[in-house]
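okay, predicted coordinates and the sequence, questions at the end:
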Amino acid sequence: MPIGLVIMRWDIKVSTEILAKYPEELIISEETLMQIYAAHEYTGEPGMISLLVGPLNIASYYTGREKPLYIILLLNLDEDADAYEGGLSDISRVIFQNYEDQAYLKMIPFLFQRLSTYPHLNEEQSISLTYLDNINRLIINRLREEGVITKSELKIWLKDQYREGFFDVDAILMELIKKEIVKEASVKGMPSELIFLINDLFMIRRPPIKLLKNPIDRGLPEKFVEEYNVAVKKFFQQYRPSERDNLKILEEIVADPQVYEILKLLRISIVTKNVLEKLRKKGVDDIDEGLKKLWDNQMIHVFQDTKGNEYYALLTDFYSSLIYPKYILNIIIHQYSVKSKSDSVLIEYLNVLEDTYKPAKIIEEKIEEK
């Protein structure tokens, strides 16, 4: 678990200046801040560095000379600083988007909590944070249209499309590569490396199937079973998937560590408030706020018996995963027919897709043989 977070800037007149820190009682010396500044100056590049200063294990992210900020995460000595690079890059853009009006200052505790969980995210949370990022969505949507683009063209295009602040394209692409959403490869004769889409992201609401199969065993009194079935059916009769709805759920529920803990419990049980209170041991400090977010997003239904006991049940669950972008094959065929991409690039794309999915294909064939 990280120790704390510091947002620093460099001012020629006053040297290092701390803009925000969490927790408030966190102490970091001027000498340590100067060492961090000097280390970034030595590399001269935006991005993350890690260093040990006495008993401190430090991961520091520098946003570049245009708008120089230093986002410093203090870690325990046994923690891997590199595991937080993607998270630091992520929150740096959140800070920039809320920098001018200083709205980011109120967000620091939440950003620290989000960053603390980054190395331990499951696939669902990891995908959520990826897609919530504006730059990632721009890249993914561009690749959905074309499948492949040169890195140099992508960098130029992003700078034209995104003018809200700093971003490090190489760090962003590295995270997308780690998450197996894109792959980078070289083709002879091309001016720079190529970025290929190898997995798309699929997100949608779905009924809480496990709960509906036997809600009584999951904690719901028998007299509410019919009402529960009707409520879920009514919701999905009116439900229309949309990116706006998906993003709202990702931001307010899946990407919020406390609300996500409540969601995980509600996926397996229909519970009372007393049961929810036990989540405080898992760091859920504000259960009422978490339930409000789930209610506002039409994720839960509440039943109340004659004694005033309330039972909280999922009205709708949410599903997200990586999927094989089968539609890309049609795009490749079209690009070949209109000659919008060179044959060598399209052949390499087919090779990349085959290499990516060959292990899955072998497993599938073995299962069919049995």
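The structure has been received and is ready for your questions. Bear in mind the structure is a predicted one, so any value in this text is a computation, not a measurement.

where does pLDDT dip in the stretch 251-370 of the chain?
Residues of the stretch 251-370 of the chain meeting the criterion pLDDT under 70: 359-370.

what about 90?
Where the stretch 251-370 of the chain drops to pLDDT under 90, the residues are 255, 257, 281-283, 285, 356-370.

give me the most central residue, this protein.
By Cα atoms, centre = their mean, the chain has its centre lying nearest to residue 129, at 1.0 Å.

is that one in a helix, a strand, or coil?
Secondary structure, DSSP: H, G, I helix; E, B strand; the rest coil: residue 129 is helix.

now it: how far from residue 140?
Residue 129 is 13 Å from residue 140, where distance means Cβ to Cβ, to the nearest Å. Every residue, glycine included, has its C-beta placed from N, CA and C.

residue 158: neighbour count?
16 (other Cβ atoms under 10 Å).

any idea of the pLDDT on it?
The model reports residue 158 with a pLDDT of 92.

now the strands for the stretch 1-150 of the chain?
Assigned by DSSP state E, counting those that start in this stretch, the strands in the stretch 1-150 of the chain fall at 4-11, 15-22, 47-53, 56-62, 70-75, 148-150.

now for those, which one comes closest to residue 111?
Of all those, strand 4-11 sits nearest to residue 111, with 7.1 Å by Cβ to Cβ.

beta-bridge partners for residue 322, please?
residue 201 (DSSP bridges).

tell me how many other residues crowd it.
For residue 322, using other Cβ under 10 Å, the count is 17.

contacting residues for it?
Going by Cβ atoms under 8 Å, 6 or more residues apart in numbering, residue 322 touches 123, 127, 179-181, 199-202.

run the last query once more with 10 Å
By Cβ atoms under 10 Å, 6 or more residues apart in numbering, the contact list for residue 322 reads 123, 126-127, 130, 179-181, 198-202.

likewise for residue 208?
215, 218, 228, 232, 266-268, 270, 299-301, 313-317.

for it, give its distance to residue 146.
Distance from residue 208 to residue 146, by Cβ to Cβ: 37 Å.

can you check residue 293 too?
Note on residue 293: its distance to residue 146, by Cβ to Cβ, is 36 Å.

again with residue 337
Residue 337 is 15 Å from residue 146, by Cβ to Cβ.

looking at the two, which is more packed in?
residue 146 (15 against 8).

I'd say the more buried one and residue 327 touch.
No - using Cβ atoms under 10 Å, residue 146 is not in contact with residue 327; the gap is 11.9 Å.

of the contacts of residue 322, closest to residue 62?
Among the contacts of residue 322, residue 130 lies closest to residue 62 (Cβ to Cβ), at 22.2 Å.

is it true that the closest one touches residue 200?
No - here residue 130 does not reach residue 200: they are 11.8 Å apart, not a contact under Cβ under 10 Å.

so residue 71 bridges to which residues?
Assessed by DSSP bridges, residue 71 has beta-bridge partners residue 7, residue 61.

quick one: contacts for it?
Residue 71 touches 5-8, 20, 48, 59-63, 87-89, 91-92, 95, 111, 115, counting by Cβ under 10 Å, 6+ apart.

quick one: it and residue 121, what's the gap?
19 Å.

quick one, domains of this structure?
Domain ranges of the chain: 4-104, 127-199+324-369, 202-321, per automatic domain parsing.

which residue is the nearest non-sequential neighbour of residue 135?
Once flanking residues are discounted, residue 135 sits nearest to residue 167: 5.1 Å by Cβ to Cβ, 6 or more residues apart in numbering.

do I have it right that the one you found meets residue 93?
Yes - judged on Cβ under 10 Å, residue 167 makes contact with residue 93 at a distance of 6.1 Å.

give me the common contacts of those two.
The contact lists of residue 167 and residue 93 share 63, 133-136, where a contact means Cβ under 10 Å, 6+ apart.

what strand or helix carries residue 173?
Here residue 173, judged by DSSP states H and E, is contained in helix 169-178.

okay, the angle between that helix and strand 56-62?
110 degrees (axes from the mean of the first three to the mean of the last three Cα atoms, to 10 degrees).

touching helix 169-178 from outside, list them.
Contacts of helix 169-178 (Cβ under 10 Å, 6+ apart): 45-48, 61, 85-90, 92-93, 126, 129-130, 133, 135-136, 138-140, 143, 151, 154-155, 158-159, 168, 181-184, 193, 195, 197-199.

now, of the residues you listed, which are buried?
Buried members of those, scored by 16 or more other Cβ atoms under 10 Å, are 46-48, 61, 85-90, 92-93, 126, 129-130, 133, 135-136, 138-140, 143, 151, 154, 158, 168, 181-183, 195, 197-199.

return the distance of residue 350 relative to residue 182.
Residue 350 sits 16 Å away from residue 182, going by Cβ to Cβ.

show the contacting residues for the closest residue in space to residue 231 that isn't next to it in sequence.
Using Cβ to Cβ, 6+ apart and skipping residues adjacent in sequence, the residue nearest residue 231 is residue 301, 4.9 Å away. The neighbours of residue 301, taking Cβ under 10 Å, 6+ apart as the test, are 208, 224, 227-228, 231-232, 235, 270, 295, 311-316.
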